[in-house]
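> Everything below, folded, please.
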Amino acid sequence: MKYKTLKQELIDNDERDENNRRIIHLNVTDDSNFLSPLSVKGNPLISGETAEFLNLNIKHNLKDSGVKLIISSNAIDETEKVIYKTAIKNYYRYEYKTTWKELRRNLFCSIIMLLFSACIFALAIILENTTNASAVILNMIDVFAWVFTWEAVDIFFLQRPKLHKEQQRNTAAIDAEIVFECDK
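From the prediction side, this is the model:
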């Protein structure tokens, strides 16, 4: 299939509501695996399988448009609807918190590595100007410093944007409008 045809097909399948939120349809024929069997008391969570489906669909969401989740099922009763809404929101709140901690850790690690590499570069310059250190040792120190510099760049400029995308997905899911419909 040609790229232009595939791209147009994806655009055509992008259903929106009146508020320009992306509509995600979730058909539940059997809700026995909708919730995770493990959760903190009073804080239900969706199962990994449900989360995987939602993640796959929400990740294509535009940054500012939002999400509307329409869950179609005859298997979900009124009390379960409240629990399932809460479980979806809880799951993505936990994900948001985890990703937020990872973003902070990445920022801290990249700063520390950059400072460490600057110190190693300074050490190499001092050794080169004050001692008769061999070229091999100076080159090894130089390579060591460049490795830390590259790792700092990798973490900050390559890994953090992925985490920011995850945060956008988590925020979209937390703020999503969740509607239940009965199958006809």
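> Can you name the next helix or strand after the top helix by length along the chain?
Longest helix in the chain, counting residues (DSSP state H): helix 78-130. Counting by DSSP states H and E, the element after helix 78-130 in chain order, helix or strand, is helix 135-153.
> Could you list the low-confidence segments of the protein?
The model of the chain has pLDDT under 70 over residues 1, 3-13, 60-64, 183-184.
> Which residue comes closest to the residue nearest in space to the middle of the chain once chain neighbours are left out?
By C-alpha atoms, centre = their mean, the chain has its centre lying nearest to residue 166, at 2.0 Å. Among residues not flanking residue 166 along the chain, residue 99 sits closest, at 4.9 Å (C-beta to C-beta, 6 or more residues apart in numbering). Yep, even glycine has a C-beta here, placed from its N, CA and C like the rest.
> again with residue 59
residue 169 (5.4 Å).
> Wait, a helix at the one you found?
Yes. Checked against DSSP: H, G, I helix; E, B strand; the rest coil, residue 169 lies within a helix.
> Could you count how many residues lie near residue 45?
22 (other C-beta atoms under 10 Å).
> how about the residue in the chain sticking out farthest from the centre, phi and psi?
The centre of the chain is farthest from one residue, residue 132, which by C-alpha atoms, centre = their mean lies 50.1 Å away. Reported as degrees, to the nearest 10, the phi and psi values for residue 132 are phi -100, psi 50.
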